[in-house]
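Student: Predicted model and sequence follow; I will ask about them next.
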Amino acid sequence: MKSIDWKDWEIFCRVVEGGGFTQGAELAEVPKSSASAAVARLEGQLGVRLFERTTRRVRVTQRGQQLYDRVSPLFGALREISAEAASVSDEVSGTIRIATPYEVGSQHLSPTLNRLLKQHPSLSVQLDVSWDQPDLIRHGYDLAFVMTDTGLHDSSFASKRVVLIERAFYAAPSLIRERGLPRSPQDLIGWPTLGNLDDTHWEFLRDHVETFSMDVQPRISTHNAEVRLKAAVDGLGVTRLSPRFVHEQLVQGQLVRVLPGYSSSPLKVYVLMPARKLMPASVRAFLNALEETLGVPETRRPAPRAVPLPEGAQVSMAVQPGPDDGTPTVLTLD
């Protein structure tokens, strides 16, 4: 009997998971030509066709799916065994693969990663930007961060909530001049909005209690907060973002916080990890550094000052920095 090349079997599983040779080769970390050759060898050895190939798509055959369903869990178990064996060592080295939304990576993970890499010269990190909840086993991630304003999807992975991201409402001075300064959440009805892909309504909270909910149909729908921020600065709509994310635009007068007495429901950030009995030393070190970093209360910037206007005064939308600390001034109507 011929010796079995298990690498061909693993590549076959990756092609099934990737839905084709291009993505499958990326998951297997081999050239596309190598993935195609591996599947061809396997088909020749087994005497069965594993994929139906056309010029437009690749589809796993019924027999191929049956084989995948039996073989894939075995490779998953082998990866688990390998990870647990590596965790026996206390040396923090190797590569941690992390998936994270852009905002979490830039605002919350950078200090942790910088601290960790300085402490452990043999450690490296691969950080992928993803707004979806990935399959950690399928894509080979050690950790994945997920943002949600509700809860996690059903998951067999271990999870832990690590941070809450506050959100408030912002618009450009030009848009407020055009629409008028809102006095209540109801005044925003009919305004153009810029939201997440899954935004259907916005909650307005006062002292952490929801007082109003507004249906929204965003002009721009994207999970990319940078895109929403730039569109808001250009006056295309009111947006819901983290105060920390828009601070510079507030200081520069490019945005104004509308309805400063209100906030919105916070985003919850969870970290997902495979439910391993033994955790690799590198992952354990990262989680410890993350807890140390996020466990220290942030130095809060001074809250924007609300400046009441005298009765009968005209509303001026020029936003001036405060006299001492650069804190943006927010105009309100009494």
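Tutor: Cool, the structure landed.
Student: tell me, how many neighbours does S122 end up with?
Tutor: Per other Cβ atoms under 10 Å, the neighbour tally for S122 reads 10. C-beta coordinates here come from the backbone N, C-alpha and C atoms, glycine included.
Student: Quick check: closest non-adjacent residue to it.
Tutor: Nearest residue to S122 in three dimensions, chain neighbours excluded: S93, at 3.8 Å (Cβ to Cβ, 6 or more residues apart in numbering).
Student: pLDDT value on that neighbour, please?
Tutor: Here the pLDDT value assigned to S93 is 82.
Student: so who does it touch?
Tutor: H120, S122, L123, S282 (Cβ atoms under 8 Å, 6 or more residues apart in numbering).
Student: For V39, state which of those is nearest.
Tutor: Checking the contacts of S93 against V39 with Cβ to Cβ, the nearest one is S282 at 32.7 Å.
Student: Tell me the spacing between that closest one and H108.
Tutor: 19 Å (Cβ to Cβ, to the nearest Å).
Student: same question, E29
Tutor: 28 Å.
Student: Also A144?
Tutor: Counting by Cβ to Cβ, the gap from A144 to H108 is 14 Å.
Student: Tell me which strands the longest strand along the chain pairs with, and in which orientation.
Tutor: As assigned by DSSP state E, the longest strand anywhere in the chain is strand 158-171. If you go by DSSP bridges, strand 158-171 pairs up with strand 238-241 (antiparallel), strand 256-257 (antiparallel), strand 264-273 (antiparallel).
Student: Based on its surroundings, how many neighbours for M279?
Tutor: Around M279 there are 18 residues (other Cβ under 10 Å).
Student: Dead centre of the chain: give me the residue that sits there.
Tutor: Nearest to the mean C-alpha position of the chain, by Cα atoms, centre = their mean, lies P101 at 1.9 Å.
Student: quick one: that one and S130 touch, right?
Tutor: Yes: the pair P101 and S130 qualifies as a contact (Cβ atoms under 8 Å) at a distance of 7.0 Å.
Student: the longest helix in this protein is where?
Tutor: helix 62-87 (DSSP state H).
Student: Can you name the element that comes right after that one?
Tutor: Next helix or strand after helix 62-87 toward the C-terminus (DSSP states H and E): strand 94-100.
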